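Peer 1: can you look at this prediction? I've put the sequence above it.
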Amino acid sequence: MKSILLRTVACAAAALLAPAAVLAQASGTLSVLYAGSLVTPMEGPIKAALAKDGIDFQGQGAGSKMLANLIAAGAKSPDVFVSADPKLVSGLGAKVATASAFASTSLGLGWSDKSKFAALLAGVAPDKAAILKALSTPGLSIGRTDPMLDPKGAYTVQAMIVLAGASGEKRILGDDENTAQIFPEEDLLARIDTGQADVGFFYKIEATARGLHFLALPGAASMSDKIAYTIALLKDAPHPGTAKAFVHFILNGEGRSILQKAGLEYFETPRAVVSSRFRR
């Protein structure tokens with residue numbers, strides 16, 4: 001009985017250590033396209049952690065839909081694609097070897113102390129009426145991402161329809177492609193940091209990782225039941241060994257701890273989106 005127990009403990013320990021061991025043995029180059037909402041942890045602690053193991057992380061963050069389009073067209077051939085929408089991954093078809101939805105977050109408002117309306121926003125109650133009143137404040141500059149290129153941009157429009165109805169959404173956001181409000185994700189973060197925009201629509205993870213104040217939208221408007229970060233290993237990954245190690249790193253290793261600390265909420269068990277069992 002004692003020997004069985006020892007073997008069980010040893011196997012459990014080996015399972016916990018496996019991702020780190022695989023990563024340490026997979027030094028080299030790694031190409032990752034990822035949802036722009038992950039830019040702060042990806043280009044900060046994750047890149048640093050990989051560098052310690054001799055991995056050259058070559059990452060690019062942008063709207064998930066835009067990145068999926070580039071992969072589909074053959075303009076980009078990364079090792080790994082991390083999307084905020086699993087449908088964009090499954091839509092890549094045979095280009096994907098395996099993929100798992102592994103975490104979620106919530107949609108809300110983010111602002112910095114540089115905002116002209118920082119004090120007003122800090123006092124907003126987390127309910128529909130208070131949020132809509134704040135967003136209707138004269139002179140308030142709102143930022144968001146492009147709904148045609150980024151799932152978060154599309155979720156922003158959906159969330160505002162949930163909160164304010166179709167007419168209220170148009171009154172606050174204007175046209176879906178309102179150029180006065182729409183910016184690439186990194187540009188939007190910089191504008192909020194410097195106060196060029198007073199408030200933006202962000203996922204909790206990017207607001208937390210960036211050190212912004214964050215107020216989640218209430219109820220179904222938080223979109224937490226729709227947002228599902230998905231990590232995909234590409235079928236023709238240029239660096240397959242390093243790519244597999246990175247997937248382990250994100251799902252079970254140090255990458256998981258980093259992203260959780262940044263505000264990502266991991267599922268108890270990853271959900272298969274594409275399985276290699278069905279690939280030939």
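Peer 2: Structure received. Residues are numbered from 1 along each chain as shown.
Peer 1: separation between residue 188 and residue 196?
Peer 2: Applying CB to CB, to the nearest Å, the value for residue 188 to residue 196 is 10 Å. (Glycine included, C-beta is placed from N, CA and C.)
Peer 1: so where's this structure shaky on pLDDT?
Peer 2: Along the chain, segments meeting pLDDT under 70 span 1-27, 275-280.
Peer 1: ranges for the helices of the stretch 151-280 of the chain?
Peer 2: Along the stretch 151-280 of the chain, counting by DSSP state H, counting those that start in this stretch, helices occupy 151-173, 185-194, 204-210, 240-251, 254-261.
Peer 1: most packed of those helices?
Peer 2: Among those, judged by mean count of other CB atoms under 10 Å, the one packed with the most neighbours on average is helix 204-210 (a mean of 24).
Peer 1: any idea which element residue 146 lies in?
Peer 2: Take DSSP states H and E as the rule and residue 146 turns out to sit in neither a helix nor a strand.
Peer 1: now do the contacts for residue 187.
Peer 2: Counting by CB atoms under 8 Å, 6 or more residues apart in numbering, residue 187 touches no other residue.
Peer 1: and the protein, what are its domains?
Peer 2: 28-104+227-278, 107-222 (automatic domain parsing).
Peer 1: and the nearest residue to residue 229 once chain neighbours are set aside, what is it in contact with?
Peer 2: With CB to CB, 6 or more residues apart in numbering as the criterion, residue 229 has its nearest non-adjacent residue at 4.7 Å, and that residue is residue 103. Contacts for residue 103 (CB under 8 Å, 6+ apart) come out as 228-229, 259, 264-267.
Peer 1: for residue 103, identify the helix or strand it belongs to.
Peer 2: According to DSSP H and E, residue 103 maps onto strand 96-104.
Peer 1: can you list the strands that that strand pairs with?
Peer 2: Using DSSP bridges, strand 96-104 pairs in its sheet with strand 229-234 (antiparallel), strand 265-274 (antiparallel).
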